[in-house]
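**Student:** I'd like to go over a predicted model; first the sequence, then the structure.
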Amino acid sequence: MGARGWSSARLGFVVCGYLAFFCAEIVPRAEAGCGERESPNCCTGRNNDCSEYSKRKTVCYCDTYCQKTGDCCEDYQRVCQISAAIDCVVGSWGPWSACTSPCGVGSTERSRQVSVPPRNGGTPCPDLKQRRGCFGNNAICSTAKEVAKILPDSFKRNFKDPWRRPHMLMKEEKASYCVYLRVKQTSAACKLKLWSAQLVRERLICAECQSDAMSKSDRCGGDGRESTRTFWAAASVPGCHGSWVRESSSEGCHCPPYSLLFV
C-alpha cells in the first residue's frame, strides 16, 4: 500500500510538470521590461527614472545609457529599437594661444573640435580646452620694467638757465609730448605732499615729457605701456611710489596746469 501510494504521488508530480510545461508553451508569459512602461517606453540619454522591473524582479533600465552600463531590460533592443552606441570623436589639438601677459606670469590655452558627437549613450566627449601657465617676455618688457621719476609741473616748466653764457651751445629743444596714465596703486607716503596726494587709485593724470628729460631715444624713461602696468616714483617725496597703466599719448602738447613732469 505504501509503495503504491508513493508511485501515485510520483506519477502526479510528473503529470503536473508536463501540464505546467505545455501551459507555458501555449499561454505566452508576460514579458517584463520596457514594454511594460507607460509612455514613453524608452528614454534618451541618461535617465535613472526610466526604469522597470525585469522577470527576476530586479530593476532594469530603458534609457540609452543602459547600453553603456549593461543594465538594460530584456526587451530593450526590441522595444526601443536603438542602434548601437556611438562614442565621441574629437580632432587634434590646435596651437597654443599667445600668453595673456606680455611681461611676466600669464596663461595660454588651446582647443580642439568635436568630429563625431556621442549618440545612443556613447562615451561623452573629453575636455575640449586646455590651459597652462606661461611667462611673457615680449620686446616691450624691458621698457615696462623702467621706473618713471616724476615731479609736479611747477618744478621745471619753461625753466631758463640764468647762468648760461651767450657763447655756450644751447641744447636742442625737442617737442614735448603728453602721456595720460591711470593710477593703479600708490603708497601711503604720497599723502605727505600736496602735489603727490593727487596720485590716488583709478585717477587719470597727465604727465609731460619735456626735452630736458628725454633720453637719446627722444622719450622719457618709464612713460608707461598701454594695457601693461608700469611703475613710478615721486622724486621729491621719499617713499612715494606706485604703478599706473598708460591709456593714451599725444605728440607736441603740454599737459594742463597742476599736472606732472617726467624727470
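**Tutor:** Nice, thanks for sending it over. The structure presented is a predicted model; accordingly, all values stated were derived computationally and were not measured. Residues are numbered from 1 along each chain as shown.

**Student:** so what pLDDT did the residue lying closest to C255 once chain neighbours are set aside get?
**Tutor:** Counting by Cβ to Cβ, 6 or more residues apart in numbering, C255 lies nearest to C206, which is 3.8 Å off, once chain neighbours are set aside. (C-beta placed from N, C-alpha, C; glycine too.) Here the pLDDT value assigned to C206 is 94.

**Student:** Just read off the phi/psi values of C206.
**Tutor:** phi -110, psi 130 (degrees, to the nearest 10).

**Student:** What residues does it make contact with?
**Tutor:** The neighbourhood of C206, defined by Cβ atoms under 8 Å, 6 or more residues apart in numbering, consists of C178, V179, Y180, L181, C255, P256, S259, L260.

**Student:** Show me which of those residues is closest to I150.
**Tutor:** Within these, the smallest distance to I150 is 4.8 Å, found for L260 (Cβ to Cβ).

**Student:** what about the strands in the stretch 151-263 of the chain?
**Tutor:** Applying DSSP state E, counting those that start in this stretch to the stretch 151-263 of the chain gives strands spanning 177-186, 204-209, 229-234, 241-251, 260-262.

**Student:** Out of those strands, which is closest to A98?
**Tutor:** That would be strand 229-234 among the strands of the stretch 151-263 of the chain, by Cβ to Cβ, at 18.1 Å.

**Student:** ok, now how distant is P238 from K193?
**Tutor:** 10 Å (Cβ to Cβ, to the nearest Å).

**Student:** hmm, back to that, could you single out the most deeply buried of the strands of the stretch 151-263 of the chain?
**Tutor:** Most buried of the strands of the stretch 151-263 of the chain, by mean neighbour count (mean count of other Cβ atoms under 10 Å): strand 260-262, with a mean of 24.

**Student:** Pull up the pairing partners for that one, direction included.
**Tutor:** Strand 260-262 has the following strand partners under DSSP bridges: strand 147-152 (antiparallel), strand 204-209 (parallel).
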